[in-house]
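Chemist: Just the structure for this:
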Amino acid sequence: MSKRYLILEDGQVFKGRAFGETTTDQIGEVVFQTGMTGYQETLSDPSYCGQMVVMTYPLIGSYGINRDDFETVRPALNALIVKECVQFPSNFRSEQSLDEYLKQKNVPGIEGVDTRRLVRHIRERGTMKAIITDHLDDVENQVSQLVQTPLRNDQVSQVSSVKPYIVPGRGRRLILVDYGMKHGILRELTERGCHVTVVPYNVTADELLQMQPDGVVLSNGPGNPKDVPEGVELVKNLIGKLPIFGICLGHQLIALACGANTEGLKFGHRGCNHPVRDLKTGEVWMTSQNHGYSVSEASVNHTPLKITHVAINDGTVEGLAHTDHPVYSVQFHPESSPGPQDCHHLFDQFLTRIEEEQNIGGVKTCQNVQTFVGS
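Modeler: This next block holds a predicted model:
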């Protein structure tokens, strides 16, 4: 394998070997993912759009790539960084190696990197830009060009569906707004018999209401929630008219629409081993997460929102509920793709809330917002 280099914008250089796509230099935001398994779901998660993902587990690719574990059709990440890429996977479901898959999808990879040192550096200095290149000519000039190159802020428009489509079912009629939706969310809804209409990120409230849904799910997605003003406006115009459940980016959009604020995290939460506490029951769930922004706890105080979940590791906000309307959200991924299945019941609880609201003749109030969690 040929030599390949990872150059960070602070001048740090990490040497490695090329795999995957080998002909193109790539710039992106370097982040790390702490899961021991689930690299295929990570590769195909649209929330990684524009990012270079460092896998903290040292051996990646051991069970190959199969047709069942994708979260979307095309990977959205800019590059994959690993300690060791397995060339000969061993698993009965494996259809191709990780290297073959990345070549097929034109995603560059670099292996042989001291990922432990790299992750420690990111944790200390924070998330930053980097370039993957096969040429180490003039590092000072390469770093200067990297610093001056802005990262894109239109990731949601890159990964959202272009037009609506329907996944038919005989149950509740739901709208799923696609900000970079993982297929795991769609699977959880269809397994419950829901009739799901997936719509693009820029759908308007009038267009959505014309479809006469029973409820709305706001999906996960990449980037800064403040770069998605269409989503904030949509939520503002839907609150009080329909039950809403937000996941990850959807959670942040609900917060912004209700007057709370969001802020960037130093290095984010990415992995399938993040503990979260349900404030009503005291239960701790292991969750799958992928986000670089969070809702500011202090900003929630003067809004019609109540904090329902918090992260054990750093105390950040992990769940919200509206005090007057059936609007709920979680920062983590209840569909758990990849990750533990502690939170699948949240989909059942949302459908129960829809039924309760219809039984009382509308969505004017929600007498007990906390019944959504821990019940």
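
Chemist: distance of residue 31 from residue 186?
Modeler: Residue 31 sits 25 Å away from residue 186, going by Cβ to Cβ, to the nearest Å. Using the backbone N, CA and C atoms, a C-beta is placed for each residue, glycine as well.

Chemist: Next: residue 152.
Modeler: For residue 152, the distance to residue 186 - Cβ to Cβ - is 26 Å.

Chemist: cool, residue 153 as well?
Modeler: Distance from residue 153 to residue 186, by Cβ to Cβ: 26 Å.

Chemist: tell me the contacts of residue 238?
Modeler: Residues in contact with residue 238, defined by Cβ atoms under 8 Å, 6 or more residues apart in numbering, are 205, 208-209, 216, 244.

Chemist: farthest pair in the residues you listed?
Modeler: For those, the farthest-apart pair by Cβ to Cβ is 209 and 244; their separation is 12.5 Å.

Chemist: Tell me which of these two has more neighbours.
Modeler: Neighbours per residue (other Cβ atoms under 10 Å) separate residue 209 from residue 244, with residue 244 holding more: 28 against 15.

Chemist: if I pick the more buried one, what's in contact with it?
Modeler: 215-218, 235, 238, 254, 326-329 are the contacts of residue 244 under Cβ under 8 Å, 6+ apart.

Chemist: Among those, which ones are in helices?
Modeler: Counted as lying in helices by DSSP state H, out of these, are 235, 238, 254.

Chemist: with these in mind, which one is nearest to residue 52?
Modeler: Closest to residue 52, out of all of those and judged by Cβ to Cβ, is residue 254, at 29.1 Å.

Chemist: isn't that closest one right up against residue 218?
Modeler: Yes. Using Cβ atoms under 8 Å, residue 254 is in contact with residue 218, at 7.0 Å.

Chemist: so what sits against both of these two?
Modeler: 235, 244, 246, 329.

Chemist: which of those residues tops the neighbour count?
Modeler: Result: residue 329 is most packed of the shared contacts of residue 254 and residue 218 (other Cβ under 10 Å), 30 neighbours.

Chemist: So what pairs up with that one in the strands?
Modeler: residue 246, residue 320 (DSSP bridges).

Chemist: From residue 272, how far out is it?
Modeler: 20 Å.

Chemist: quick revisit: any chance of the shared contacts of residue 254 and residue 218 in CSV, with pLDDT and distance to residue 305 too?
Modeler: Formatted as CSV, the shared contacts of residue 254 and residue 218 follow (pLDDT from 0 to 100; distance: Cβ to Cβ, whole Å):
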residue, pLDDT, distance to residue 305
235, 98, 12
244, 98, 12
246, 98, 11
329, 98, 9
